[in-house]
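Undergrad: got a predicted structure plus its sequence, pasted below:
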There are 2 protein chains.
Amino acid sequence: MSEKTDVIVVGAGLAGLTAARELVTAGLNVTVLEARSRVGGRTVNHDLGAGRVVEAGGQFVGPTQDHILGLAGELDVQTFPAYNDGASVYVRGDSARRFSGDIPPDLPALPDLGVAMHRINALARTVPVDKPWRADHARKWDGMTFESWLRGTTLTDGALDLVNVFLGSAYGGSAADASLLFSLWYIAGFGNETTPGTIDRGIGVTGGAQESRFIGGSQRISELMAEQLDGRVALDSPVRMIEQDAHGVRVTADSGVYRAARVIVAVPPALAARIAWHPLLPPEQDALFSRLAFGTLMKCEAVYPEPFWRADGLNGQGVFRADSPVCSMFDNTPPDGGPGVLMGFVGGAQWRKWANRAPRERRGAVLRQFAKVVGKDALRPIDYFEMDWTAEEWTRGGPTSVPGPGVLSTLGAWRDTPFGLVHWAGAEHADHWNGFMDGAVRSGRDTARAVLAQI
Amino acid sequence: MSEKTDVIVVGAGLAGLTAARELVTAGLNVTVLEARSRVGGRTVNHDLGAGRVVEAGGQFVGPTQDHILGLAGELDVQTFPAYNDGASVYVRGDSARRFSGDIPPDLPALPDLGVAMHRINALARTVPVDKPWRADHARKWDGMTFESWLRGTTLTDGALDLVNVFLGSAYGGSAADASLLFSLWYIAGFGNETTPGTIDRGIGVTGGAQESRFIGGSQRISELMAEQLDGRVALDSPVRMIEQDAHGVRVTADSGVYRAARVIVAVPPALAARIAWHPLLPPEQDALFSRLAFGTLMKCEAVYPEPFWRADGLNGQGVFRADSPVCSMFDNTPPDGGPGVLMGFVGGAQWRKWANRAPRERRGAVLRQFAKVVGKDALRPIDYFEMDWTAEEWTRGGPTSVPGPGVLSTLGAWRDTPFGLVHWAGAEHADHWNGFMDGAVRSGRDTARAVLAQI
């Protein structure tokens, strides 16, 4: 039995580490318990050799993501612009067409998409970011899928398909998976306290959520926080049971039993519900957490001697409509320009179709999509790797958790409600940039403050 | 370390016990591990004293539920007709109106409801009960909620509201929670191999799913199976971890470590996903099980010296539209006619509104609804009890698990897929009467046969 500490933080991702850092700064004794042998949660660097890395998890940041950018600044982690010089390519079946900007040149779909994006932004502005269940039409909007709304708003299938390209990576799913209310609220959060969210900012590169990357990789931020926490982070410590009474909390991990006055659980809600709780989680909170279904997402990355597409006037970005395993791709080359890396998302229904295929078959299908964007040289990478977040025991999905219809309006108020001496943090517990790195940092800070106010 | 047995069954509900019984009959060595101190899972008897019981869980059976009825017959458990003499009452706000049959007399809604039920039945007939993802419009029907379809099909809110009365108890939810595809498939299963399912059979009393009850209570069936299994059922044995390799399976429960050649996991899918699996559950199966969200349902029962409403020409049945905590109520009096028992379901959004209120406040609200049906004598019961299935650690919801949109069409095929040496059973693993006692028994039999074919 360890000595009793002030606060135990469960989970050493961005949210948990941010919370722990704030509490230590305030003078508290803190222990962080992390299930994995590493910190960073949904951010993880992949070693390319020669001191270079590329991310296999969350990686992009952009304007209004003040919290992750501010934290990185404090830790002296610099950003660089995601490569965006030259043309993107829009792939539809076997046709490939160059374009510039964030909206692919699908002429029949463009008017529909324009109207849909305009209406999405207008409706999103009416959703209270802190209490979406109080939106004027909350009940009705939560009773339909985002897909139903898009089908009803548009005249062709184009807008729905193109929104699904975005949601393939953003939800690890599609407009069929989420309610209209959740989707409007999620988009309303693509901003900060002074700048309203828009779908444009979510899908954009320059000026949008894919604008920048971190030198040294996003996981570096968590690694530096863990270094500052100097011995307070226990790795290989999956938490199995959390017991509490009026006097404190007892946390049973594989590495031992820990006691604290308060606990912050900073793991994905679905995994929080899998801990053995005594007393049980309140039924409403269990019902909510078990309805926050993790998206299904895999990142596939191919490495080449150099980013050969740049000389052809291509920025390495691709948007794939229709039955492509990859929904979108990016130039993921390190900041010094070598080696060349292409990264594609396989998400949602396409993940569900491809995740179980033979790796060789999937690799071939992904590279063939890459080749439609940058040419047949894409078919011969010097390295290829995949990160299937659904196969990660301590995440089990990616990139975030998306409730279906009927959840947010009836159970959403339970999201951040402390359970006795236990508080919640994580990317899913943020009002702005929910599911993003910025949301995770915001939630870590907010929860640390809530705990400080109680302790 | 126990000796290795042929098959371990996890869960002593109807499915697990049925499977164990079949396997023992076939000559195998079987151990059943049950988390609770009782058998029966989602069926449980409440003792009324003097040898009488009433059910606090699953209780009704009806035509085409051949498997549960056949099993009960083998065990010499008899049925009796649910009380259905006299008028039902339709409550809307403060108005209460007597009616006969299963369709409440909401005149503005009746044409809409009739058309909707006709179309539901016609569409349900086109859904393959064994492979709903192969329905002609599977993708589109899975991309919308049942609510969206009802809003599009009907002219008033009446049909949606009245379908939600049924789903309040059937889903522990509403038409907002489930996809159209799941709902059509679920209704298509209200039959057997020769009789197609209809929504009429699902909502009906005489001739429908609420036609009969079991003398001695539905839990008696599980208790008798456990007696026949004579020492093979280990109670108080929550299973925490399941490990397997090519040679067998190792199951770690609170009561010890068990080894077997095969395992049948017969617990709700969401709870199966909470077990620690080594190797991990396949991501697709984890994604599916964690998307089978348990409904939120409570049963509230009031006991009176006698069923006083019968003398007033009332059958004790009520249908409540609009903002009532109770969606439907039944005369739940024991077969010998005393004491009188009224039972009401608080489900779905109403559960989410009422579950967290003070018990006294909720009791008052429930009894006031009962009083609208049978008069003010309902306000003074001699006993009142509730069973909130969401608060049960080893169920965590009721009555069954309902996937939202986008799940069945993309992940449904993983429902029954064995995971190495581990097979699945339970009410959620049946094609006919999914989520009902009959589905549980069907699935227990089917899975036992699948295991016998392998062993």
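TA: Structure's in. What do you need?
Undergrad: strands along the stretch 101-250 of chain A, start to end?
TA: Counting by DSSP state E, counting those that start in this stretch, one finds strands in the stretch 101-250 of chain A at the ranges A:212-214, A:233-234, A:239-245, A:248-253.
Undergrad: what's the angle from the longest one to strand B:239-245?
TA: Relative orientation of strand A:239-245 and strand B:239-245, computed by axes from the mean of the first three to the mean of the last three Cα atoms, to 10 degrees: 170 degrees.
Undergrad: mind giving me the packing neighbours of strand A:239-245?
TA: strand A:248-253, strand A:256-265, strand A:276-278 (3 or more Cβ pairs under 8 Å, 6 or more residues apart in numbering or on different chains; DSSP states H and E). Where C-beta positions appear, they are placed from N, C-alpha and C, glycine not excepted.
Undergrad: would JSON lines of the ones you listed with mean pLDDT be doable?
TA: Converted to JSON lines, the helices and strands packed on strand A:239-245 look like this (pLDDT from 0 to 100):
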{"stretch": "strand A:248-253", "mean pLDDT": "98"}
{"stretch": "strand A:256-265", "mean pLDDT": "98"}
{"stretch": "strand A:276-278", "mean pLDDT": "98"}
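Undergrad: then the top helix by length along chain A to CSV, C-alphas only?
TA: When chain A is parsed with DSSP state H, its longest helix is helix A:437-454. C-alpha atoms of helix A:437-454 as CSV (Å, rounded to 0.1, in the frame of the first residue of the first chain):
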residue,chain,number,x,y,z
MET,A,437,-5.3,17.8,-28.9
ASP,A,438,-6.5,21.3,-28.0
GLY,A,439,-9.6,19.9,-26.3
ALA,A,440,-7.5,17.5,-24.3
VAL,A,441,-5.3,20.3,-23.0
ARG,A,442,-8.3,22.5,-22.3
SER,A,443,-10.0,19.8,-20.3
GLY,A,444,-6.9,19.0,-18.3
ARG,A,445,-6.6,22.6,-17.3
ASP,A,446,-10.3,23.0,-16.5
THR,A,447,-10.4,19.8,-14.4
ALA,A,448,-7.2,20.7,-12.5
ARG,A,449,-8.8,24.0,-11.6
ALA,A,450,-12.0,22.2,-10.5
VAL,A,451,-10.0,19.9,-8.3
LEU,A,452,-7.9,22.8,-6.8
ALA,A,453,-11.2,24.5,-5.9
GLN,A,454,-12.2,21.4,-3.9
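Undergrad: rewinding a little: and the strands of the stretch 101-250 of chain A: which comes nearest residue B:338?
TA: Residue B:338 lies closest to strand A:239-245 among these, at 43.5 Å (Cβ to Cβ).
Undergrad: going by neighbour count, list what's buried in stretch A:199-217.
TA: A:199-205, A:208-214, A:216-217 (16 or more other Cβ atoms under 10 Å in any protein chain shown).
Undergrad: nope, stretch A:381-397 is what I was after
TA: Those would be A:381, A:386-393, A:395-397, for stretch A:381-397 by 16+ other Cβ under 10 Å.
Undergrad: could you export those as JSON lines, including pLDDT and distance to residue A:282?
TA: Shown next, in JSON lines, are the buried residues of stretch A:381-397 (pLDDT from 0 to 100; distance: Cβ to Cβ, whole Å):
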{"residue": "A:381", "pLDDT": "98", "distance to residue A:282": "50"}
{"residue": "A:386", "pLDDT": "98", "distance to residue A:282": "38"}
{"residue": "A:387", "pLDDT": "98", "distance to residue A:282": "34"}
{"residue": "A:388", "pLDDT": "98", "distance to residue A:282": "33"}
{"residue": "A:389", "pLDDT": "98", "distance to residue A:282": "28"}
{"residue": "A:390", "pLDDT": "97", "distance to residue A:282": "28"}
{"residue": "A:391", "pLDDT": "97", "distance to residue A:282": "31"}
{"residue": "A:392", "pLDDT": "98", "distance to residue A:282": "28"}
{"residue": "A:393", "pLDDT": "97", "distance to residue A:282": "26"}
{"residue": "A:395", "pLDDT": "97", "distance to residue A:282": "24"}
{"residue": "A:396", "pLDDT": "97", "distance to residue A:282": "23"}
{"residue": "A:397", "pLDDT": "97", "distance to residue A:282": "24"}
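Undergrad: those also near chain B: which ones?
TA: Counting by Cβ under 8 Å from any Cβ of the partner chain, A:388, A:390-391, A:393, A:396-397 from the buried residues of stretch A:381-397 sit close to chain B.
Undergrad: just those residues: which are in strands?
TA: residue A:388 (DSSP state E).
Undergrad: about what we covered before: which among the buried residues of stretch A:381-397 gets closest to chain B?
TA: Of all the buried residues of stretch A:381-397, chain B sits closest to residue A:390, with 3.6 Å by Cβ to the nearest Cβ.
Undergrad: contacts only, for that closest one.
TA: Contacts of residue A:390 were listed using Cβ atoms under 8 Å, 6 or more residues apart in numbering or on different chains, and they are A:294, A:296-298, A:351, A:355, A:396-398, B:283-284, B:286-287.
Undergrad: just the pLDDT for the closest residue to it other than its chain neighbours.
TA: Nearest residue to residue A:390, sequence neighbours excluded (Cβ to Cβ, 6 or more residues apart in numbering or on different chains): residue B:283, at 3.6 Å. Looking at residue B:283, its pLDDT reads 97.
Undergrad: correct me if wrong: residue B:283 contacts residue A:296.
TA: Yes: under the criterion of Cβ atoms under 8 Å, residue B:283 makes contact with residue A:296 at 7.2 Å.
Undergrad: which other helices and strands contact the longest helix of chain A?
TA: helix A:14-25, helix A:66-74, strand A:256-265, strand A:422-424.
Undergrad: low-confidence ranges in the stretch 301-450 of chain A?
TA: Counting by pLDDT under 70, the stretch 301-450 of chain A contains no low-confidence residues.
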